[in-house]
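[1] Take this sequence and fold it.
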Amino acid sequence: MVLLSLKIRMIVIFAVAFASTFILTSSFIRGATKKKFFVEDKYKKGRPKIPTMGGLAILGGVMVSLVITQLLYNLIPPYINLTPYFVYYFIVLVFGLYGLTDDLFAFKKRYDKILILFFLALPIAILTKDTNLNLIITHVELGVLYAFLFAPIYMMVVANLINVHAGFNGLSGGLSMILLITAALGSFLQDGLTYLPLIIPVIGALAAFMYYNEYPSRVLLGNNGTYLLGAALGGFLILSNQELFGVIILIPHIFNFIIDTWTLKIKKKPLVKFGGLREDGTIISPPSMRFVSIKFMVTYYMKLSEQQAVLLLYMITIIFCVIGLALTPYI
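    Here you go, the predicted structure:
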């Protein structure tokens, strides 16, 4: 009888997710360009057109890898129950489809989004077994409130954080890759390989997509991609019992969301979505928006090109990821 170790299966699934997404993204770019599913690249001279909604290619790559996952775990021993996988990826799928709808119809009301995403995240309750919340100095047993309130809210918030911290070539995709890898490392340090198979398809698919999304991007994620990746990250942090760890590594995203809310909702400043471009290629941040996001904050106070700003924002998140990993034994 042929036996496949968990490590070999994970390598195969990663490779399938990577290869299928690589091929699908290339095809998507050609198709999206032909169908004119593109937007202006605001921070390039001449403002070239660039395909958007590329998260669909990631979703396609993940779905292909899940077919292989089913074959590897159900046909070749040792057999593994795949119910958690498919519930988890059902939620990721519906978040991605919600993002696609947002791409197509451009929802305006933020609070309607929050309510919809909460209900989309509710199936996570089926998978939550440990309802004990670790607050370092104490543990709080939330019981049914954890499953049906805390877990969906956590997932919804993380998805929104990922969606809001975007706007430059490769920014959201690169930050999501950093966070997903960090979450996987944190899970490995705590529980070995127990939860890693859950996140491997997303990491493999995003790794391939980043070949096309890194600066200068040939395709953008779109809301479908950011919500998909945010749901994948939030759900994984919940299921691998890394809620507090997730808060630490997401501190830059949390700060970004707070200043966004402060500027637009509390101070009620009219949104200026894009900045300008100097002759030397550095970004002109809208003065009224310098506190609406970290990306505009750093480009307001420092003379940076888009690529330099993205690398700086990567480094900020990496610092908090390293802090989170260093604190793993204590949380």
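
[2] C-alpha only now, for contacts and for neighbours.
    Noted.

[3] Double-check Leu135 against Leu244; I have them as touching.
    Yes: with contact defined as CA atoms under 8 Å, Leu135 reaches Leu244; the gap is 7.2 Å.

[4] quick one: the helices in the protein?
    Here the chain has its helices, by DSSP state H, at 6-34, 55-74, 83-105, 110-121, 144-145, 151-164, 171-191, 196-213, 222-239, 243-249, 251-261, 294-301, 306-326.

[5] Turn these into CSV, including mean pLDDT and distance to Lys267.
    Formatted as CSV, the helices of the chain follow (pLDDT from 0 to 100; distance: least, CA to CA, whole Å):
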stretch, mean pLDDT, distance to Lys267
helix 6-34, 94, 38
helix 55-74, 92, 33
helix 83-105, 92, 25
helix 110-121, 80, 16
helix 144-145, 86, 34
helix 151-164, 95, 18
helix 171-191, 97, 26
helix 196-213, 96, 34
helix 222-239, 96, 25
helix 243-249, 95, 26
helix 251-261, 95, 9
helix 294-301, 94, 17
helix 306-326, 97, 25
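
[6] Of those helices, flag the one that's most buried.
    Ranked by mean neighbour count, those are led by helix 222-239 with a mean of 28 (mean count of other CA atoms under 10 Å).

[7] in the chain, which residue is closest to the centre?
    Leu229 (3.0 Å; CA atoms, centre = their mean).

[8] ok so, going back, between Leu135 and Leu244, what contacts are shared?
    Counting by CA atoms under 8 Å, 6 or more residues apart in numbering, the shared contacts of Leu135 and Leu244 are Ile331.

[9] and the helices of the chain as TSV, adding distance to Thr282?
    Shown next, in TSV, are the helices of the chain (distance: least, CA to CA, whole Å):
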stretch	distance to Thr282
helix 6-34	27
helix 55-74	28
helix 83-105	28
helix 110-121	31
helix 144-145	48
helix 151-164	22
helix 171-191	16
helix 196-213	20
helix 222-239	24
helix 243-249	28
helix 251-261	21
helix 294-301	8
helix 306-326	7
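
[10] The ones you listed: which one's closest to Lys273?
    Relative to Lys273, the nearest member of those by CA to CA is helix 294-301, separated by 10.1 Å.

[11] which helices and strands does the closest one pack with?
    strand 283-284, helix 306-326 (3 or more CA pairs under 8 Å, 6 or more residues apart in numbering; DSSP states H and E).

[12] Of the ones you listed, which is nearest Asp260?
    helix 306-326 (16.2 Å).

[13] can you give me the angle the closest one makes with helix 251-261?
    120 degrees (axes from the mean of the first three to the mean of the last three CA atoms, to 10 degrees).

[14] Show me what helix 306-326 is packed against.
    Counting by 3+ CA pairs under 8 Å, 6+ apart, helix 306-326 packs on helix 171-191, helix 243-249, helix 251-261, helix 294-301.

[15] Now render the ones you listed as CSV, adding distance to Gly275.
    Listed next are these as CSV, based on distance: least, CA to CA, whole Å:
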stretch, distance to Gly275
helix 171-191, 16
helix 243-249, 28
helix 251-261, 16
helix 294-301, 8
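
[16] Relative to Tyr211, which of those helices is closest?
    Nearest of the helices and strands packed on helix 306-326 (CA to CA): helix 171-191, 10.4 Å.

[17] how far is that closest one from where the chain is centred?
    Averaging C-alpha positions (CA atoms, centre = their mean, to the nearest Å) puts helix 171-191 10 Å from its chain's average.

[18] ok, now stretch 304-315?
    That offset, for stretch 304-315, works out to 18 Å (CA atoms, centre = their mean).
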